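> let's see this in three dimensions:
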Amino acid sequence: MSTVGWFHCFAGIAGDMALGSLIDAGADVAEVRALLDRLPLRGWSMEVAPVLRGGIAASKVDVIAGMEGALASVVGGLAPGPVVAVPTSAGYGAALEGVTALLGMLATCAAGVTVVGIDNGFGAACAIVRIVQSRQRHGERHG
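Residues are numbered from 1 along each chain as shown. Okay, here's the model as predicted:
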């Protein structure tokens, strides 16, 4: 017997939401990682963490792909919220210690993408905190 899942995404769905939903529905995290390992990508990681938002518990899945500067444009064009892009100094080919990824991210035409310096995870975290605090303040005034 097989199980079939059907997504009715009339307004779209974010990749992290889709992946988190599949994991919450019973997909094995190790098997998802094994399937992603088959893709011709290097330098990625996947983090799964439980979250509680608005009284609803779910799994949050972050897939981090550290060597493709164009990914920020793709995610920025698809994601409904802000995207914080962190170019990394790791890379292959003409990565130039992260400069290629940085310039590619800075040149994105996707709206809502914030780019921080090379390997600046701390700066990314600070940007996210400011975005969240701003949204909270905005909600307090208008909610």
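
> so, low pLDDT: which residues of the protein?
Counting by pLDDT under 70, the ranges of the chain that qualify are 1-17, 39-43, 63-69, 78, 91-93, 140-143.

> tell me where it has helices.
Remark: helices assigned in the chain by DSSP state H are 15-24, 29-37, 71-78, 99-106, 121-142.

> would CSV of the ones you listed with distance to K60 and mean neighbour count be doable?
Bear in mind the C-beta positions are built from the backbone N, C-alpha and C, glycine included. Listed next are those as CSV, based on distance: least, Cβ to Cβ, whole Å; neighbours: other Cβ atoms under 10 Å:
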stretch, distance to K60, mean neighbour count
helix 15-24, 6, 16
helix 29-37, 13, 12
helix 71-78, 15, 18
helix 99-106, 23, 18
helix 121-142, 13, 11
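
> for S59, find the nearest of these.
Within the helices of the chain, the stretch nearest S59 is helix 15-24; the backing value is 4.3 Å (Cβ to Cβ).

> give me the angle between the closest one and helix 29-37.
Put simply, helix 15-24 runs at 140 degrees to helix 29-37, going by axes from the mean of the first three to the mean of the last three Cα atoms, to 10 degrees.

> need the CA coordinates for helix 15-24. CSV is fine.
What follows is helix 15-24 as a C-alpha-only set of coordinates in CSV (Å, rounded to 0.1, in the frame of the first residue of the first chain):
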residue,chain,number,x,y,z
GLY,A,15,10.0,25.6,0.0
ASP,A,16,10.7,25.6,3.8
MET,A,17,7.0,25.3,4.5
ALA,A,18,6.6,22.4,2.0
LEU,A,19,9.6,20.5,3.3
GLY,A,20,8.5,21.1,6.9
SER,A,21,5.0,19.9,6.2
LEU,A,22,6.4,16.7,4.6
ILE,A,23,8.6,16.0,7.6
ASP,A,24,5.6,16.7,10.0
